[in-house]
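Novice: the sequence isn't on hand, but the structure is:
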């Protein structure tokens with residue numbers, strides 16, 4: 001069953017190539033059994049607290065519709081990717 005989700009991904013700064021590759025892989029995973037509704041790149045923002053000696057991160061907000069299986073796979077891929085500082089995927093209940 002397809003549901004709406006929202007993903008907030010915070011990337012380490014100055015890793016543009018890796019970020020683009022991960023976003024393409026994320027898009028591929030979601031679009032296997034769903035669709036990307038919107039991708040909103042917030043850009044560089046100051047973090048509320050330092051993470052691994054880093055004060056800034058590149059924020060990307062993704063709204064999509066997919067199955068829980070695809071969400072679990074996307075979460076797994078982001079967890080093992082070095083360029084991702086933090087990530088959160090939540091179900092968007094209306």
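Specialist: Perfect, I can see it now. Everything numeric here is computed off the predicted structure, so don't read it as measured data.
Novice: against which helices or strands is the longest strand seen in the chain packed?
Specialist: For the chain, the longest strand by residue count, based on DSSP state E, is strand 35-51. Where contact means 3 or more C-beta pairs under 8 Å, 6 or more residues apart in numbering; DSSP states H and E, strand 35-51 is packed against helix 16-31, strand 54-66. From N, CA and C alone the C-beta is placed, and that goes for glycine too.
Novice: go through those and name the closest to residue 10.
Specialist: Counting by C-beta to C-beta, residue 10 lies closest to strand 54-66 out of those; the figure is 4.1 Å.
Novice: mind listing what's buried in that closest one?
Specialist: For strand 54-66, a neighbour-count test (16 or more other C-beta atoms under 10 Å) marks 56-60, 62, 64-66 as buried.
Novice: that strand pairs with which strands, parallel or anti?
Specialist: strand 3-11 (antiparallel), strand 35-51 (antiparallel) (DSSP bridges).
Novice: pick the most buried one from those strands.
Specialist: strand 3-11 (a mean of 19; mean count of other C-beta atoms under 10 Å).
Novice: for the record, mean pLDDT for it?
Specialist: Mean pLDDT, computed over strand 3-11, is 95.
Novice: ok, of the buried residues of strand 54-66, which one's closest to residue 9?
Specialist: Closest to residue 9, out of all of these and judged by C-beta to C-beta, is residue 60, at 4.8 Å.
Novice: other residues contacting the longest strand of the chain?
Specialist: Residues from elsewhere that reach strand 35-51 (C-beta atoms under 8 Å, 6 or more residues apart in numbering): 4, 10, 13, 23, 27, 30, 54-66, 85-86.
Novice: recalculate using a threshold of 6 Å.
Specialist: 27, 30, 55-65, 85 (C-beta atoms under 6 Å, 6 or more residues apart in numbering).
Novice: tell me which two of these sit farthest apart.
Specialist: 55 and 65 (34.3 Å).
Novice: isn't residue 15 up against residue 83?
Specialist: Yes. Counting by C-beta atoms under 6 Å, residue 83 is a contact partner of residue 15 at 4.4 Å.
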